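Asks: 3D model of this:
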Amino acid sequence: MKAMVRAAITTALALLVFSAIGTVLLSGTYSLTLDTITRSEQATRQILIAQTLPEGSFDNNLVAEAMPLALDPLLGGKKPGLAYPARLNGKPVAVVIEATAPDGYAGEIKLLIGILADGRLGGVRVAQHKETPGLGDYIELKKNPWIRQFDGLSLGSMAEDQWRVRKDGGRFDYMAGATITPRAIVKAVHKALRYFELHKAELLKPSSEVTA
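Replies: Below you'll find the model as predicted:
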């Protein structure tokens, strides 16, 4: 009996030691790779931000000049986002806004929405989502050009009731069997354009008027 108890204690101690070693190794690996992961995510984000505006249309560092946005129902997020002012020779020419489609099929869809000074969409990119692979993920440009439907559109370019997918009577295409995802994005982009119209003066403020 004593032998059995001794063996059980020995096994338990061995498991405890291995668990502790495993935890330390995982923690160390995470710490060592965190900076690399963060830099990689930031680089990917910068590429997506730049894709929302015409090439050569700005000459400033969008990320370096990012400014916070207050929570607003038209932006859809639960946390404050950022706006990235675009300038050419110091003159404001566009802004990229972070917005959220809260009602995707699998939850929130994070968007980057580039809007030119005249209110036209430069482009829209999906920064983060959890939509179903192979079904709802066609919203990513690398998998499908669907997201390019927004390029050049503005609030004044079509009637209010056209800001819907075709299934709902609007003008936007969608994939059969995956209507919820594009419906959420169309609604979020439309709201972001309305936000831009309400806050255009602030978003396109000359750099000389931007306070640190």
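Asks: what packs against the lengthiest strand in the chain?
Replies: Taking DSSP state E as the assignment, the strand of the chain that covers the most residues is strand 91-104. Helices and strands touching strand 91-104, by 3 or more C-beta pairs under 8 Å, 6 or more residues apart in numbering; DSSP states H and E, are strand 82-88, strand 107-116, strand 121-128, helix 180-203. Bear in mind the C-beta positions are built from the backbone N, C-alpha and C, glycine included.
Asks: for the chain, give me the ranges with low pLDDT.
Replies: Applying pLDDT under 70 to the chain flags the ranges 1, 18, 22, 24-32, 34, 208-212.
Asks: name the helices or strands packed onto the longest helix along it?
Replies: In the chain, assigned by DSSP state H, the helix with the most residues is helix 2-51. Where contact means 3+ C-beta pairs under 8 Å, 6+ apart, helix 2-51 is packed against strand 107-116, strand 121-128.
Asks: adding distance to Phe196 and mean neighbour count as columns, could you present those strands in TSV?
Replies: Converted to TSV, these look like this (distance: least, C-beta to C-beta, whole Å; neighbours: other C-beta atoms under 10 Å):
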stretch	distance to Phe196	mean neighbour count
strand 107-116	5	23
strand 121-128	10	21
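Asks: now for the closest residue to Lys130 other than its chain neighbours, how many residues are close by?
Replies: The spatial neighbour of Lys130 that comes closest, neighbours along the chain excluded (C-beta to C-beta, 6 or more residues apart in numbering), is Ala106 at 4.1 Å. By the measure other C-beta atoms under 10 Å, the count of residues near Ala106 is 13.
Asks: does Ala106 really touch Thr132, like I thought?
Replies: Yes. With contacts counted by C-beta atoms under 8 Å, Ala106 reaches Thr132, the gap being 6.5 Å.
Asks: distance of the closest residue to Tyr105 other than its chain neighbours relative to Pro145?
Replies: Spatial nearest neighbour of Tyr105, excluding adjacent residues (C-beta to C-beta, 6+ apart): Ile180 at 4.3 Å. Separation of Ile180 from Pro145 (C-beta to C-beta, to the nearest Å): 20 Å.
Asks: for Phe196, what are its contacts?
Replies: Going by C-beta atoms under 8 Å, 6 or more residues apart in numbering, Phe196 touches 95, 97, 115, 119, 203.
Asks: ok, back up a step: what's the closest of the helices and strands packed on strand 91-104 to Ala66?
Replies: strand 82-88 (4.6 Å; C-beta to C-beta).
Asks: buried ones in that closest one?
Replies: Neighbour-count burial for strand 82-88 flags 83-87 (criterion: 16 or more other C-beta atoms under 10 Å).
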